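**Q** Here is my input; please provide its structure:
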Amino acid sequence: MELPKFLLGDNTDFPEDIFIIHLDYPRFIINLKDDEVEFLEEAEDLDESELNAEMEGLIEQANEFYDREVKRYEE
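**A** The predicted structure follows:
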């Protein structure tokens, strides 16, 4: 099965939060409400500066994914 890079998630227990789940390595969940990131696995092959650079791009992609999905829902 081929999985998408990002999934959009919500939960009625957290009505103000918008979660984006990143399924590629490194796997993480970002809450777009406050940009809090929870890693689902350790990024063992990246040092801290590499991880920070990688995460900056992935967070930007997650925001773009969300904007695209919202636009598609509105159409």
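
**Q** contacts, neighbours, all on C-alpha from now
**A** Fine.

**Q** any idea how far the one helix or strand Glu54 maps to is from the chain center?
**A** Using DSSP states H and E, Glu54 sits in helix 48-74. Distance, stretch centre to chain centre, for helix 48-74: 6 Å (CA atoms, centre = their mean, to the nearest Å).

**Q** go on, stretch 2-18?
**A** On CA atoms, centre = their mean, the centre of stretch 2-18 falls 9 Å from that of its chain.

**Q** quick one: buried residues of that stretch?
**A** 6-8, 17-18 (16 or more other CA atoms under 10 Å).

**Q** So which residues make contact with that stretch?
**A** 19-24, 31-33, 62, 65-66 (CA atoms under 8 Å, 6 or more residues apart in numbering).

**Q** so which two of these are the farthest from each other?
**A** The largest distance within these, taken as CA to CA, falls between Asp24 and Lys33 and amounts to 21.7 Å.

**Q** rewinding a little: in terms of contact count, name the helices or strands touching the helix holding Glu54.
**A** In this structure, helix 48-74 makes packing contacts with strand 6-9, strand 19-22, judged by 3 or more CA pairs under 8 Å, 6 or more residues apart in numbering; DSSP states H and E.

**Q** what about the last one, average pLDDT?
**A** When you say that, I think you mean strand 19-22. Across strand 19-22, pLDDT averages out at 98.

**Q** Describe which strands it pairs with in its sheet and in which direction.
**A** strand 6-9 (antiparallel), strand 28-31 (antiparallel) (DSSP bridges).

**Q** now those in JSON lines, with distance to Glu38?
**A** Shown next, in JSON lines, are the strands paired with strand 19-22 (distance: least, CA to CA, whole Å):
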{"stretch": "strand 6-9", "distance to Glu38": "14"}
{"stretch": "strand 28-31", "distance to Glu38": "5"}
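
**Q** re earlier: quick one: which of the contacts of stretch 2-18 is nearest Glu75?
**A** Among these, and counting by CA to CA, the member closest to Glu75 is Tyr66, at 14.5 Å.
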